[in-house]
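>>> just a sequence and a predicted model for now, questions to come.
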Amino acid sequence: MSVYEKEKPDYFDLALRSIYEQTVKPDEIILVEDGPIPESLKNIVKKYQALYGKEKFKVIVSYKNQGLGVSLKLGTEFVSNEWIARMDSDDYSVPNRFENQLEAISKHPDVDVVGGQVKEFETEIGNIVSQRKVLVDEEAIHEFMKWRSPFNHPTVMINKTKLLEVGAIFRMAIWKIIICGPEWLPITIL
């Protein structure tokens, strides 16, 4: 996860709380502070570091704002797990997100990326204003990938080894969700 100075503290707290309340708890959380952040956000970081411990809640500080793609690339370097669960600092994950995604990965060990659907809200979680549904049929996904990403990027869980295998340029492209097609990108999707 990456956070920067303009993030709303309430949304950031909600995002971290939704990780804390997962039915399957993460072994670690990597948070990149993308440039200086205000005290209100630093207090939230301290709150969750206290809940998890500094060994499990690692904070990487970038001294200037470099953008989401660069921050995610930086954060990836500190991940010690085989699977990376992506999330934005203003998102809420349903409590069983990690459980469902890990179950899908277990059932389909050849898969390198899983994702999910998104309901967008304003002001509070119950105020749903739109939905971003992605394709679930493999053939349709492969066709769609030629033009756009078939993933809602904040819902992605991706295999770190495969992510690193594609190299730095492609890694940035994946994190920025500029995926051009399965024929040249050696990642299996579900």
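Nice, thanks for sending it over.
>>> a helix runs through E99, doesn't it?
Yes - note on E99: a helix contains this position according to DSSP: H, G, I helix; E, B strand; the rest coil.
>>> contacting residues for it?
22-24 (Cβ atoms under 8 Å, 6 or more residues apart in numbering). Heads up, the C-betas are built off the backbone N, CA and C, glycines and all.
>>> out of the residues you listed, the closest to V118 would be?
For the contacts of E99, the residue nearest V118 by Cβ to Cβ is Q22; the value is 17.1 Å.
>>> which stretch of helix or strand covers that closest one?
For Q22, there is no host helix or strand (DSSP states H and E).
>>> mind checking which of the contacts of E99 are buried?
Among the contacts of E99, those classed as buried by 16 or more other Cβ atoms under 10 Å are Q22.
>>> A15 - how many residues pack around it?
For A15, the count of nearby residues is 23 (other Cβ atoms under 10 Å).
>>> how close does it get to K58?
Computed with Cβ to Cβ, to the nearest Å, the distance linking A15 and K58 is 16 Å.
>>> what of I125?
Taking Cβ to Cβ as the measure, I125 falls 27 Å from K58.
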